[in-house]
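Chemist: Quick one, what's the 3D model for this:
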Amino acid sequence: MARWTGIEDRELALAVFDWRASLSDGVGTKEEYDRLEARRAQLGPLWPALNFRSAQVLDLPIGKLDVPSLDTSSPERHMLTAYAQSVADASADRAALAEQMAALRNQTTDPVARSSLASVEANLRYQLGQTEQVAQLALSVANDDPRRTEWSTITASTYRKKGFVYAARAVAAWEPTNPDGWNMLAYGEPDVANEQRLRMFRRAVDLAPNLPLWSLNYTHQLVTSGQPARARSVAARLSAGGPEQRAASETILARIDCSNARFLAASTRTRKALNSLERFGSIERADAHLLPLALYASAILGHDHELADAFAERFVLPQPTRLAQGHFALMLAANACAVASRPIALRCFDRLRSLVADNWFLEGQVSTTDDLVDAAERYAKGDLPGAVAAWRSLVAAGATLPDYASVALDEAGESELAAQNDAKKLEGAPNYHGATLAHVREAKRAAARRDVERARTMATTVVDAWGMADTKVAAVDEMRKLLSTLPQPSKH
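Modeler: Predicted coordinates:
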């Protein structure tokens, strides 16, 4: 076993174990990282991967890493140095390295060797965006030796795909102390009561209370289910933590603001939180919740283009970029770039494509990222037919598109597809005091097809929910005007 892990010193192996535990627990990572850095020479080809992962979590500069030579003296050294090259050298030929791992795996019947080689091959292919192959590889490891399975690779490669829930169930079963398993199960398990789903999210928080992501996911579900007071208590606990926890606390409070129709307060709070970040795109911190919430609050107020411009200029366009290299960074940035003003949007996507070409996003991308980014870029560049075709495929595959896609689909005469996408968004009404931008769009669709009762219901919902917001909301006047054009209900 030690040959394949690259660690023969028991004390060092325990230190690496503690470091891994700190990543999912959300506490002590800097201390564990410092312990390992002091012994980096002993870690050899393992160090680049450990250093890279720590830098993503701790928001540290990675710095220049020594790229190890590919050591083919043994299968295990070949494997260790291949993976080290993939994270230390952006120009490394990951496709060739993955094929080398596959060839080595096919030459052995040793289950430890096969699972080790398959895990590294899966990581290499994930960096290449080959999520179908990744899922198959990772599941083959699970069949051979569930205890050595990289379960996070399985959930990442199946995320938003059919069968995702089965991977989530496997993680929760085989690693019940892994918070990610319970978090993913809460997202993926269909047809469960709200309180049961909340317990799954809460289990992740209990296992790792200091990692912001778990608390953000949990409180989002709390607010969606009409329980903002419970969410506020989580925000209060996080506010006493470090910078990452405080940013998460502000994001939760902004979500509660939105649920109380305090959209100006939410917009102000989220903009301030975004401006406090040095880098953007870490899934472990508040980023994946903060930016979408900021854009939505701004969209309600009609200011999303300005926010998107500011985001692009602060994080995407600078040299060097201030985007993190994580799983969701590219997709999140692309959705912001898509609603930026045309000149900035074009520059933004050119920059993102340059970063992709330079292999900047070394952690890889969750499934559907390439298709979503391609559609967003087509939309931003004015290729509406191309964007619609891409969005149609994504909706057919079960994806939920951003709000700007629904707007564009309506403009392109694809109202049925837009309504299909918005059907899920209507369920998010509790997050925004009882209405959503999808209600506004559906009211206009219903009026256009002369479905008077549907139009009246949707428009009235918006007026009632947002009529007393903390600032004027243009959609309220728009819906009042629409209501004035509808035939009055008959009196009996």
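
Chemist: What count of nearby residues applies to His220?
Modeler: 19 (other Cβ atoms under 10 Å). From N, CA and C alone the C-beta is placed, and that goes for glycine too.

Chemist: and it, what element?
Modeler: Assigning secondary structure by DSSP states H and E places His220 in helix 212-224.

Chemist: Could you list every helix and strand in contact with the next helix or strand after that helix?
Modeler: Of the helices and strands lying after helix 212-224 in sequence (DSSP H and E), the nearest is helix 228-239. In terms of contacts (3 or more Cβ pairs under 8 Å, 6 or more residues apart in numbering; DSSP states H and E), helix 228-239 is packed against helix 212-224, helix 243-259.

Chemist: Go through helix 228-239 and flag the buried ones.
Modeler: Along helix 228-239, these residues count as buried under the neighbour rule (16 or more other Cβ atoms under 10 Å): 228, 231-232, 234-235, 238.

Chemist: for stretch 424-441, same thing?
Modeler: Of the residues in stretch 424-441, those buried under the neighbour-count criterion (16+ other Cβ under 10 Å) are 425-426, 428-433, 435-441.

Chemist: Tell me where the stretch 51-200 of the chain has helices.
Modeler: Across the stretch 51-200 of the chain, reading from the start of the chain, the helices by DSSP state H, counting those that start in this stretch fall at 75-88, 94-106, 111-127, 131-144, 151-158, 164-174, 179-188, 194-207.

Chemist: Same question for the stretch 251-400 of the chain.
Modeler: For the stretch 251-400 of the chain, helices defined by DSSP H, counting those that start in this stretch occupy the ranges 263-275, 287-301, 304-311, 329-338, 342-357, 369-380, 384-396.

Chemist: looking at these, which is closest to Leu117?
Modeler: Each of these was scored for nearness to Leu117 using Cβ to Cβ, and the closest is helix 369-380 (25.9 Å).

Chemist: quick one: the helix holding His220 to chain centroid distance?
Modeler: Taking Cα atoms, centre = their mean, to the nearest Å, the mean C-alpha location of helix 212-224 is offset from the chain mean by 14 Å.

Chemist: what angle separates it from helix 243-259?
Modeler: With axes from the mean of the first three to the mean of the last three Cα atoms, to 10 degrees applied, the angle from helix 212-224 to helix 243-259 works out at 10 degrees.

Chemist: so for helix 212-224, what's the average pLDDT?
Modeler: In this model, helix 212-224 has a mean pLDDT of 95.

Chemist: try stretch 302-314
Modeler: 97.

Chemist: May I ask you to confirm that Ala236 is in contact with Glu250?
Modeler: No. The criterion here is Cβ atoms under 8 Å, and Ala236 misses it with Glu250 at 11.9 Å.

Chemist: Measure how buried the spatially closest residue to Met200 that is not a sequence neighbour is and give me the count.
Modeler: Spatial nearest neighbour of Met200, chain neighbours left out: Ala186 (3.6 Å); criterion: Cβ to Cβ, 6 or more residues apart in numbering. Ala186 sits with 24 neighbouring residues when counted by other Cβ under 10 Å.

Chemist: Distance of Ala186 relative to Tyr166?
Modeler: Noted for Ala186: a distance of 15 Å to Tyr166, by Cβ to Cβ, to the nearest Å.

Chemist: What of Gln42?
Modeler: 39 Å.

Chemist: Among these two, which residue is more densely surrounded?
Modeler: Between Gln42 and Tyr166, counted using other Cβ under 10 Å, Gln42 has the larger neighbour count: 16 against 12.

Chemist: before we move on, the earlier item: wait, which of the buried residues of stretch 424-441 is closest to Asp470?
Modeler: Closest to Asp470 out of the buried residues of stretch 424-441 is His433 (10.4 Å), distances taken as Cβ to Cβ.

Chemist: Could you measure from the closest one over to Leu426?
Modeler: The value you get for His433 to Leu426, if Cβ to Cβ is used, is 14 Å.

Chemist: Tabulate the helices and strands packed on helix 228-239 (CSV), appending distance to Thr109.
Modeler: Rendered in CSV, the data for the helices and strands packed on helix 228-239 read as follows (distance: least, Cβ to Cβ, whole Å):
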stretch, distance to Thr109
helix 212-224, 39
helix 243-259, 45
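
Chemist: Those: which one's closest to Val476?
Modeler: Go through the helices and strands packed on helix 228-239 one by one with Cβ to Cβ and the one that ends up closest to Val476 is helix 243-259, at 15.4 Å.
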